[in-house]
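Student: compute the structure for the input listed below.
(chains A, B, C and D)
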Number of protein chains: 2
Amino acid sequence: MITLRQLRYFEALARARHFGRAADICAITQPALSQQVKELEETLGQALVERGRGGVRLTPMGREIAERARKVLADVRDMEDHARSRRARLSGRLALGVIPSIAPYILPALLPLLRREYPDLELELHEAQTEVILEELSDGRLDLLLLALPVEAAHLQTLPLFEDPFLLAVPSAMELPRPAPCLPELMAGHRLLLLEEGHCLRDQALAVCALRERGRIDTFGASTLSTIVQMVAAGLGITLLPEMAAAVEGRTEGVELLRIAPPEPSRTVGLAWRRASPLEDDFHAFGEVVRRAQEGLAALRK
Amino acid sequence: MITLRQLRYFEALARARHFGRAADICAITQPALSQQVKELEETLGQALVERGRGGVRLTPMGREIAERARKVLADVRDMEDHARSRRARLSGRLALGVIPSIAPYILPALLPLLRREYPDLELELHEAQTEVILEELSDGRLDLLLLALPVEAAHLQTLPLFEDPFLLAVPSAMELPRPAPCLPELMAGHRLLLLEEGHCLRDQALAVCALRERGRIDTFGASTLSTIVQMVAAGLGITLLPEMAAAVEGRTEGVELLRIAPPEPSRTVGLAWRRASPLEDDFHAFGEVVRRAQEGLAALRK
DNA sequence: TAAAAATACTCCATAGGTATTTTAT
DNA sequence: ATAAAATACCTATGGAGTATTTTTA
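Tutor: The predicted model follows:
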């Protein structure tokens, strides 16, 4: 069986062309080097060097093997360097799952921050609904999720980052007291527009409104918040919008965003990863950056 | 220090995603595998796997290292295969030096033969004068020489292959008895045309003619035999031509090639290599092919 | 004969095995 | 409670050292 040791010694010999000097380079004795080179020759079934008084010469096969050995040794060195250089927090590839009601709003702020502070981090982004990315996380296809908490899974660790209040999006024409009255009352008189099944935002909104009856809810179900907001603008109903989305979606003509009277409803945005992951510290660092990105967004809105 | 053993075990673990099964694959016990993987993680300063009850998952870094490890292991396997496959005679790269008065005549016959019988042989050809290729052989820049013997160098081994008779090339107009009279007599009346200094053929011709006096020799000195033959055709003198070159150079208009009366002069064509080379058997095999190439040429001339 | 590599041998580090404990689900 | 990996400990292989012999130029 070939060993890296054999390749290291042989490569030194190929450079030094002298057993003694090669041994010096490797900081071992000449017989030890002879031994390993001989072993390599036996494994390969080929003479690699011509032994002679005036030092040593490579056979044609020896030259080829030396070339290949150099490549292998370089690859191994690179592998070490790679690992060493990335001992720092948050470097290397990281597969991140994000839900659709967070991704488009936070990523424009988050990615530049990450890029600046952790330039060696290579994010692989997967945007999908909570259930999907939870499955991918459990599979090991993803390393980390950015989503709305809570998620219940014993093998997962979660980290809440911040509260994201829900705002009320209503047609500009609609007259309402400010702040908007608390929700159950409001709901009595209006149709609530929601995302299609599967989006956690839909469930959260339903929970917030303490509504279970289908009658008052538009079951059409849009697949993006933008669509919902367009529908609101058209006067088809009202909706709840996460504050995070306000900067983007609030600009829509014909829509007004209202804060809701306390107790202000909100969702919790946070991270989730497998308990077994050894990258916990990295994920906390990541969470800090997400929080700062969110603060940046909030500042922009003012 | 990273070892191939560590990479082999880790790669198995990356595939099996289970310490026990990976150990089975490697035909060792689970603790032995755990030990090596742990060592690798310590050397790299990075967690490569998440340990959990439901088997094992790779960290992002683990995936990268597994990828690199696979590449390294494949390269090493290729290296072994390469060496193994070339345990056969005459395979792999071989740097061959040939003198100019042999190369153009024998190579057209030799190369196809070699290609057919030793398809794994990759020849690197260097054409240069005897002195130059001897130096390159001694340096280790060449492995084998095809040239005119004898060469005197204690550290070299030579193998005579065949005798290559000298023919007399004369202008067609010239009337001479057949076979041509032995040389010293002939020389008395004609100017002998030779290659420039440094070509062994020049020295051999001089020796054959037992001539040392400059007077009768054209000191212009051409650099190729073709030129010399053109000069003969132009009536500027006569020359000695190796039989090997007859097929090519003998076709020239205005030149006639005559065998010389016994004792027919000739040069010895053979091989030379460093005594220390472990490829002696290969070189003998190579010699056989050269001899057969020469026989093929001889047959063509008839 | 002198320099260089191979060989002989001894020692110790480390890989691998067995038995057991710890961990996580 | 149980499967899986880690740990502890022992053994044996083999890598490295010192001393010496063999080779070859």
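
Student: what sits against A:I102?
Tutor: Contacts here follow Cβ atoms under 8 Å, 6 or more residues apart in numbering or on different chains; on that basis A:I102 touches A:146-148, A:244, A:269. In short, each C-beta sits where N, CA and C put it, glycine included.

Student: tell me the backbone dihedrals of A:L168, please.
Tutor: Recorded main-chain torsions at A:L168 are phi -100, psi 130, according to degrees, to the nearest 10.

Student: beta-bridge partners for it, please?
Tutor: Beta-bridge pairing for A:L168 (DSSP bridges): A:L240, A:L258.

Student: okay, now it: neighbour count?
Tutor: By the other Cβ atoms under 10 Å in any protein chain shown criterion, the neighbourhood of A:L168 contains 24 residues.

Student: relative to chain B, how far out is it?
Tutor: Counting by Cβ to the nearest Cβ, to the nearest Å, the gap between A:L168 and chain B amounts to 41 Å.

Student: make sure that residue is actually in contact with A:P242.
Tutor: No. With contact defined as Cβ atoms under 8 Å, A:L168 and A:P242 do not form a contacting pair (11.5 Å).

Student: hang on, the earlier thing: narrow the contacts of A:I102 to those in strands?
Tutor: Cross-referencing the contacts of A:I102 with the strands (criterion: DSSP state E) gives A:146-148, A:269 as the overlap.

Student: from those, which is closest to A:R275?
Tutor: Proximity to A:R275 was ranked across those by Cβ to Cβ; first place goes to A:L147, at 16.5 Å.

Student: list the contacts of the closest one.
Tutor: Remark: with contacts taken as Cβ under 8 Å, 6+ apart, A:L147 is in contact with A:97-99, A:102, A:130, A:133, A:200, A:269-272.

Student: the residue nearest to A:T3 when sequence neighbours are not counted: neighbour count?
Tutor: Once its chain neighbours are removed from consideration, A:T3 has its nearest residue in B:L4; the separation is 5.6 Å (Cβ to Cβ, 6 or more residues apart in numbering or on different chains). When neighbours are defined as other Cβ under 10 Å, B:L4 has 20 of them.

Student: B:L4: what's it in contact with?
Tutor: For B:L4, the contacting residues are A:1-4, B:72-73, B:76, by Cβ under 8 Å, 6+ apart.

Student: who in the stretch 101-250 of chain A is up against chain B?
Tutor: Listed as neighbours of chain B in the stretch 101-250 of chain A under the rule Cβ under 8 Å from any Cβ of the partner chain: A:140, A:143, A:155.

Student: now list the buried members of those.
Tutor: A:140, A:143 (16 or more other Cβ atoms under 10 Å in any protein chain shown).

Student: which one of the residues of the stretch 101-250 of chain A next to chain B sits closest to A:G296?
Tutor: Top of the list for closeness to A:G296, among these and by Cβ to Cβ, is A:D143 at 24.1 Å.

Student: hang on, isn't the closest one packed against B:P60?
Tutor: Yes. A:D143 is in contact with B:P60 according to Cβ under 8 Å; the separation is 5.8 Å.

Student: give me the common contacts of these two.
Tutor: Going by Cβ under 8 Å, 6+ apart, residues that sit against A:D143 and also against B:P60 are A:94-95, A:279.

Student: close to chain B, is the host helix or strand of A:R21?
Tutor: For A:R21, the enclosing helix or strand under DSSP states H and E is helix A:19-25. No. Contact of helix A:19-25 with chain B (Cβ under 8 Å from any Cβ) is absent, the minimum separation being 13.8 Å.

Student: dump the C-alpha coordinates for that helix into CSV.
Tutor: The C-alpha trace of helix A:19-25 is given here as CSV (Å, rounded to 0.1, in the frame of the first residue of the first chain):
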residue,chain,number,x,y,z
PHE,A,19,19.9,9.7,-0.7
GLY,A,20,21.9,11.4,2.0
ARG,A,21,20.9,14.9,1.1
ALA,A,22,17.3,13.8,0.5
ALA,A,23,17.3,12.3,4.0
ASP,A,24,18.5,15.6,5.4
ILE,A,25,15.7,17.4,3.7
